[in-house]
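Asks: Kindly generate the corresponding structure for this input.
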Amino acid sequence: MSTTTLAVLVPLLPFLGAVAGLLLGRTAPGFVRPLAVLPALASAVLAVLVAVRQGGGRPVETATPLTPTGSVPIDLSLYLDGFAVLTAVLVGVVSTCVQLYSTAYLREDPRYPSYAALVSLFTAAMLVVVYTGDLMVLLVGWEIMGICSYFLVGHYWETEAARSASLKAFLVTKLGDVPFLIGLFALAADAGSFRITEVLDTVADGRLDHPTLVALLLLAGVAGKSAQFPLHTWLPDAMAGPTPVSALIHAATMVAAGVYFIARLLPVFTASAAALVVMAAMAAATMIGSGLAALAQDDIKRVLAYSTIGQLGYMTGALAVADRGAAVFHLLSHGAFKALLFLGAGVIIHAAGTNSLAAMARLDGLAKRIPDAFWTMTIGLLALAAIPPFAGFFSKEAVLVAAEQAAAGHTASVPGAVGWLVLVAGLLTALLTAAYATRLWLMAFRGKGAPAPDHGREPLAMTGVLWLLAIPSITFGLAAVPLADWFDGRRLTPTLTTSLLGTGAAVVGAVLTHALWQRAAAQTAAHAYREAAVPASVAAAESAAETPEVAEVTHDHPAVPAGPAPDPGRALLGPLHRHAAAGFHLDAVYDRLFVRPVRAAAGLVRFLDREVVDTYVSGAGAGPRLLGSLVRRAQTGNVQSYLSALFAGAAVLAIATAVLANINAGS
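Replies: Below you'll find the model as predicted:
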């Protein structure tokens with residue numbers, strides 16, 4: 001079987017699994033789980049075979065005309081290079097892990113059949129984006145992922161949080177998709193084709209008329225899909241969906257699509273220095289802002305969501321300094337350990353009975369209750385914090401090395417200021433990342449208080465997946481040298497300077513957070529001792545006044561003991577904590593700038609429709625109704641009435657005729 005045939009089967013199998021799952025979900029529920037897991041597994045195996053055959057060598061390309069359009073043709077094309085085949089392996093492996101994990105995590109969910117089918121469709125759409133060589137076909141997969149995310153984030157549609165989160169995710173990403181579509185049309189108009197290779201040839205020949213405008217239009221769509229500032233606000237709220245969905249969105253689909261798209265079309269962006277500056281500024285704001293916000297979040301999934309936004313900022317920063325190899329290397333590395341972190345968080349949430357880190361910090365022995373999640377989450381957090389020799393260290397260092405080269409002026413077409421901006425922001429983000437990773441680990445696993453609930457051993461389908469993802473989280477960095485041949489031949493290994501700076505920043509963040517944790521724990525113990533020395537009613541009043549968030553969490557989870565929880569994030573952020581916890585109030589800004597004016601305009605339209613337009617329509621109907629009622633009164637059906645009216649009319653006519661005759665005679 002040829003490589004192209006295998007590549008066609010990679011997205012086709014999960015698509016067929018999705019169709020079969022939707023058709024058989026109600027009539028044959030016993031087939032739902034096999035139809036969820038087996039196509040994803042087969043797709044992952046075939047993706048590995050395609051990668052082995054492609055081998056990082058010359059791209060494999062094929063195309064078949066789809067249909068005559070009368071202008072720019074659309075082709076069903078494949079373009080398999082090193083970036084595409086390795087990204088497809090990531091998508092297939094993570095999707096298989098998510099489907100397998102979900103068989104246990106959602107085993108009691110009555111809507112599991114539709115959920116599993118949508119996950120398969122989500123996977124197929126991302127694989128189309130990865131493998132296709134035509135921008136219109138890419139757009140199809142791009143938009144299918146958008147609608148799948150809407151349904152999956154809103155899986156628990158009974159809750160207001162899930163409904164609003166799904167709608168927000170859909171609208172914010174669509175806001176970016178409008179300029180994205182215009183940018184695609186502009187590219188096709190200049191190139192005369194939607195084929196990616198022909199677009200890149202057009203850029204190389206200097207025939208792209210407005211490179212800055214096109215790049216910025218495309219960047220708007222990427223910012224929405226890959227949750228970059230200022231269109232990142234939908235991603236933390238999307239945590240209202242099932243945890244396995246969060247793992248899929250954050251690790252291998254949806255948010256990875258935007259980064260991958262820029263990597264495929266990087267020459268379009270490097271053709272404009274202004275676009276690179278905008279991309280670098282967007283990446284820097286995203287990295288630093290998300291790191292600060294993650295330090296202030298109480299929900300464990302929101303911490304990981306802001307973490308994803310920051311790591312995507314690293315990838316965008318690598319692209320801003322024109323190194324797509326470093327960007328995709330970090331995409332692959334991040335996909336492994338972020339899937340591990342989200343799926344591990346699902347185990348923690350199930351064991352603790354809460355998403356709240358403050359509540360977990362008041363539980364004792366949670367790590368012993370879930371040892372598999374404890375050890376694998378520790379591995380994932382070390383990779384996230386970029387501690388050597390874990391995978392995140394090598395991929396993050398590749399980004400910093402690329403930024404260092406650009407800052408030194410060694411990267412053509414990239415302004416030195418762009419390199420410095422990405423480098424400084426990346427180093428500061430390394431400190432923040434290690435700080436919030438350490439905070440999460442301490443609050444989740446080193447709490448003191450009531451004994452953690454014992455739910456028994458977690459299902460093998462969940463714990464086995466965690467250990468499977470832990471393997472690349474530890475070892476993937478070792479592939480930095482051989483992967484350079486797959487990624488344009490550019491160096492992916494760390495340098496001494498960036499290693500010392502990046503690792504030093506991470507160590508400072510981790511040590512500082514641990515020290516503040518110990519101080520906060522000592523203050524909490526002192527507070528508990530003081531409460532024991534005063535009447536219970538006074539202690540309860542003081543506790544409620546000092547820690548309103550904890551009181552709310554305690555109310556939601558009565559099994560968790562009351563009292564303040566040690567949180568080093570408050571000490572690290574100080575007065576900034578309140579603003580960081582609210583995402584720096586960006587949602588409030590959008591509410592005032594866009595939501596309220598749109599609602600006011602909608603209210604005005606509703607008023608005009610009801611009070612003005614409907615008045616004319618009602619008046620147009622009222623006139624004939626009034627005339628009809630008058631005529632109806634004359635039609636009584638009484639013959640005597642008709643004769644009386646006839647004679648009365650004749651008399652009136654006779655009198656009028658006589659009067660007119662006399663007037664004429666007198667004149």
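
Asks: Please look at residue 142 and residue 132 and confirm they touch.
Replies: No: Residue 142 is not in contact with residue 132 according to C-beta atoms under 8 Å; the separation is 10.1 Å. Where you see a C-beta, it was placed from the backbone N, CA and C, and this is true even at glycine.

Asks: after the least confident helix or strand in the chain by mean pLDDT comes which helix or strand?
Replies: When each helix and strand of the chain is scored by mean pLDDT, DSSP states H and E, helix 548-556 comes last, with a mean of 34. Downstream of helix 548-556, the first helix or strand assigned by DSSP states H and E is helix 568-573.

Asks: CA atoms of the following helix or strand past that next one as PDB?
Replies: Later in the chain than helix 568-573, the nearest helix or strand by DSSP H and E is helix 577-581. Below are the C-alpha coordinates for helix 577-581, written out as PDB (Å, rounded to 0.1, in the frame of the first residue of the first chain):
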ATOM      1  CA  HIS A 577      -3.400  38.700  42.600                       C
ATOM      2  CA  ARG A 578      -7.000  39.900  42.500                       C
ATOM      3  CA  HIS A 579      -6.500  41.200  38.900                       C
ATOM      4  CA  ALA A 580      -4.600  38.100  37.800                       C
ATOM      5  CA  ALA A 581      -7.300  35.900  39.200                       C
END
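
Asks: So which bits of the following helix or strand past helix 577-581 are buried?
Replies: Per DSSP H and E, the first helix or strand lying C-terminal to helix 577-581 is helix 586-590. Residues of helix 586-590 classed as buried: 586-587, 590 (neighbour count, 16 or more other C-beta atoms under 10 Å).

Asks: Equivalent analysis for stretch 373-384, please.
Replies: 373-374, 376-384.

Asks: ok, now stretch 135-142?
Replies: 135-139, 141-142.

Asks: again with stretch 386-398
Replies: 386-387, 390-398.

Asks: Same question for stretch 1-12.
Replies: Neighbour-count burial for stretch 1-12 [16+ other C-beta under 10 Å]: 3-4, 6-12.

Asks: ok, the buried residues of stretch 386-398 vs residue 480, which is closest?
Replies: Residue 480 has its nearest neighbour among these in residue 394, at 4.8 Å by C-beta to C-beta.

Asks: how about the nearest residue to that closest one, chain neighbours excluded?
Replies: Excluding the flanking residues, the one nearest residue 394 by C-beta to C-beta, 6 or more residues apart in numbering is residue 477, at 3.2 Å.

Asks: mind listing what that neighbour touches?
Replies: Residues in contact with residue 477 (C-beta atoms under 8 Å, 6 or more residues apart in numbering) are 333, 389-395.

Asks: want to throw the residues you listed into a markdown table with pLDDT?
Replies: Shown next, in a markdown table, are those (pLDDT from 0 to 100):
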| residue | pLDDT |
| --- | --- |
| 333 | 96 |
| 389 | 93 |
| 390 | 96 |
| 391 | 95 |
| 392 | 96 |
| 393 | 97 |
| 394 | 96 |
| 395 | 96 |
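
Asks: Give me the subset of these lying in helices.
Replies: Here DSSP state H is the test, and the contacts of residue 477 give 333, 391-395 as lying in helices.

Asks: Show me what counts as buried in the helix ranked longest in the chain.
Replies: Counting by DSSP H, the longest helix found in the chain is helix 496-532. Applying a neighbour-count criterion of 16+ other C-beta under 10 Å, one finds 498-499, 501-503, 505-506, 509-510, 512-514, 516-517, 520-521, 524, 527-528, 531 buried in helix 496-532.

Asks: Which other helices and strands does it contact?
Replies: Helices and strands touching helix 496-532, as assessed by 3 or more C-beta pairs under 8 Å, 6 or more residues apart in numbering; DSSP states H and E, comprise helix 391-407, helix 416-445, helix 536-546, helix 568-573.

Asks: Tell me which of those is the most buried.
Replies: Of these, the one with the most neighbours on average (mean count of other C-beta atoms under 10 Å) is helix 391-407, at a mean of 28.

Asks: Export only the CA atoms of that one, formatted as PDB.
Replies: The C-alpha coordinates for helix 391-407 follow below in PDB (Å, rounded to 0.1, in the frame of the first residue of the first chain):
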ATOM      1  CA  ALA A 391      11.100  16.900  27.400                       C
ATOM      2  CA  GLY A 392      10.000  20.400  28.100                       C
ATOM      3  CA  PHE A 393      13.500  21.500  28.900                       C
ATOM      4  CA  PHE A 394      14.800  20.600  25.400                       C
ATOM      5  CA  SER A 395      11.800  22.000  23.500                       C
ATOM      6  CA  LYS A 396      11.700  25.300  25.500                       C
ATOM      7  CA  GLU A 397      15.500  25.700  25.100                       C
ATOM      8  CA  ALA A 398      15.100  25.300  21.300                       C
ATOM      9  CA  VAL A 399      12.800  28.300  21.400                       C
ATOM     10  CA  LEU A 400      15.200  30.400  23.600                       C
ATOM     11  CA  VAL A 401      18.100  29.400  21.300                       C
ATOM     12  CA  ALA A 402      16.200  30.600  18.300                       C
ATOM     13  CA  ALA A 403      15.300  33.900  20.000                       C
ATOM     14  CA  GLU A 404      19.000  34.300  21.100                       C
ATOM     15  CA  GLN A 405      20.100  33.900  17.500                       C
ATOM     16  CA  ALA A 406      17.600  36.400  16.200                       C
ATOM     17  CA  ALA A 407      18.600  38.900  19.000                       C
END
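
Asks: Please state the offset of that helix from the chain centre?
Replies: Centroid displacement of helix 391-407 relative to its chain, using C-alpha atoms, centre = their mean, to the nearest Å, is 24 Å.

Asks: now do stretch 3-18
Replies: Centre to centre, stretch against its chain (C-alpha atoms, centre = their mean), the figure for stretch 3-18 is 25 Å.
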